[in-house]
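Colleague: Structure of the sequence below:
(one chain, ligands or ions: 1)
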Amino acid sequence: MDLRGFPTTLPEFQRVFPDDKACAKYLEQVRWPTGFTCPKCSHIGEPYRFPTRSSVVLRCRKCKANTSLTSGTVMQSTHSSLSTWFWAAYLATTQTPGQSAFQFQRQLGLSRYETAFQILHKLRACMVRPEREPIGAEHAVEVDECFVGGRTWDKGQGVHNNKATVVGAVEIRVRKDASQRSAKYRQNHKGGVPIKKLMYAGRVRLRMVDGRHHNGLISFVTENVVKGAAVFTDGWPAYDALPGLGFKHHPLVTGGNRELVEGHLPTIHLVFSNLKTWILGTHHGRIEPHHLQAYLNEYVFRFNRRFYPMTAFNSILGLAAHATSPTYEQLYSGEWRHPAA
Ligand SMILES: [Zn+2]
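Modeller: Numbering: from 1, shown residues only. Okay, here's the model as predicted:
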């Protein structure tokens, strides 16, 4: 379990959400943390409860209006059970490689591939919200491009230059315990601390662009990075415009020396390398170019929330972003319970 009691392993998840009832309990607590409030007449108080196949209907004791626990969420009016959805959301947000519909169908024991596909598709739709807030307000940013493309993209084309270009930006954060680590390292080693050990990746942005042209790269930076931020790039001339746009530009002119580039832009290269592994491994490189941006968004969603699994979980189920979730301990200890209906 993490700090808030979010399950960090599959067995823990199973213990916390053993059945549809447990999932319903969680949904109700997230939606009405201070007790059920009738959306129709605003009456506050214990409702009547009627379990249906995929959800629970709550009936107001005053106006008798029915409210579905899943209304307004991604699970609304589907036939799959709550626990199927909960597993799906958990796997989609916490398993770093993500899921293909086929793996997913097998893992959840679903009889139809279409069901798995539709659930994943709906969860993905909740991941593709463009993230508006620019990064780099407090941290330096590395920006670079890479080429993404699988076997099928080259088929029949005879050329490799139809691979998609992806431009990325990542915040460089310094570990809070950097000075401790640095001191410890110095005790055990001669010389300085490798800078890589003291840094980690913050938030990421990725965009598919039409080649490495000036306009595409520059508008990516201006739309995703805070003006005034320190921006590290390689020596590609397209980035020369950055100082004039108010960025603190740190280009590295390498003359094509890969090692120097790795040293200058280690974090974005790590992001690209993981991205490619994911596309090749989970999706076997078979992503159509017109779907690529959606997959980039999914990757970014999971990456940026890797330290906040509960936020990611609630968010893709379509539960309000700022809803207060109960801790799982509360759910489990019975600290929060349904009075008998
Ligand atoms: Zn009512």
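
Colleague: what ranges do the strands span in the chain?
Modeller: Secondary structure of the chain (DSSP state E): strands located at 48-51, 56-59, 66-68, 140-148, 164-174, 199-209, 230-234, 248-252.

Colleague: Minimum distance to Val261: which of these has it?
Modeller: strand 230-234 (5.6 Å; CB to CB). All C-beta atoms are positioned from the backbone trio N, CA, C, and that covers glycine.

Colleague: can you list the strands of the chain in CSV and add mean neighbour count, mean pLDDT and distance to the ion?
Modeller: Converted to CSV, the strands of the chain look like this (neighbours: other CB atoms under 10 Å; pLDDT from 0 to 100; distance: least, CB to the ion, whole Å):
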stretch, mean neighbour count, mean pLDDT, distance to the ion
strand 48-51, 14, 88, 11
strand 56-59, 20, 92, 9
strand 66-68, 17, 92, 8
strand 140-148, 22, 93, 50
strand 164-174, 21, 92, 47
strand 199-209, 20, 91, 42
strand 230-234, 21, 94, 54
strand 248-252, 16, 92, 57
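
Colleague: out of these, which comes closest to Ala22?
Modeller: Among the strands of the chain, the nearest to Ala22 by CB to CB is strand 56-59 (11.6 Å).

Colleague: Show residues contacting that closest one.
Modeller: When contacts are defined by CB atoms under 8 Å, 6 or more residues apart in numbering, strand 56-59 is touched by residues 24, 27-28, 36, 47-51, 65-69.

Colleague: wait, which of those is closest to Leu260?
Modeller: Closest approach between the contacts of strand 56-59 and Leu260, by CB to CB: Leu27, at 52.5 Å.

Colleague: Name the residues of the chain found near the ion, please.
Modeller: For the chain, the contact set with the ion under CB under 5 Å from the ion comprises Cys38, Lys40, Cys41, His43, Cys60, Lys62, Cys63, Ala65.

Colleague: Among these, which ones are in helices?
Modeller: Within the residues of the chain next to the ion, no residue falls in helices by DSSP state H.

Colleague: Of those, just the buried ones, ChimeraX syntax please.
Modeller: Applying 16 or more other CB atoms under 10 Å to the residues of the chain next to the ion, the buried members can be selected in ChimeraX as follows:
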select :38,60
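
Colleague: is it possible to export the residues of the chain next to the ion to JSON lines including pLDDT?
Modeller: Formatted as JSON lines, the residues of the chain next to the ion follow (pLDDT from 0 to 100):
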{"residue": "Cys38", "pLDDT": "93"}
{"residue": "Lys40", "pLDDT": "92"}
{"residue": "Cys41", "pLDDT": "95"}
{"residue": "His43", "pLDDT": "93"}
{"residue": "Cys60", "pLDDT": "95"}
{"residue": "Lys62", "pLDDT": "95"}
{"residue": "Cys63", "pLDDT": "96"}
{"residue": "Ala65", "pLDDT": "94"}
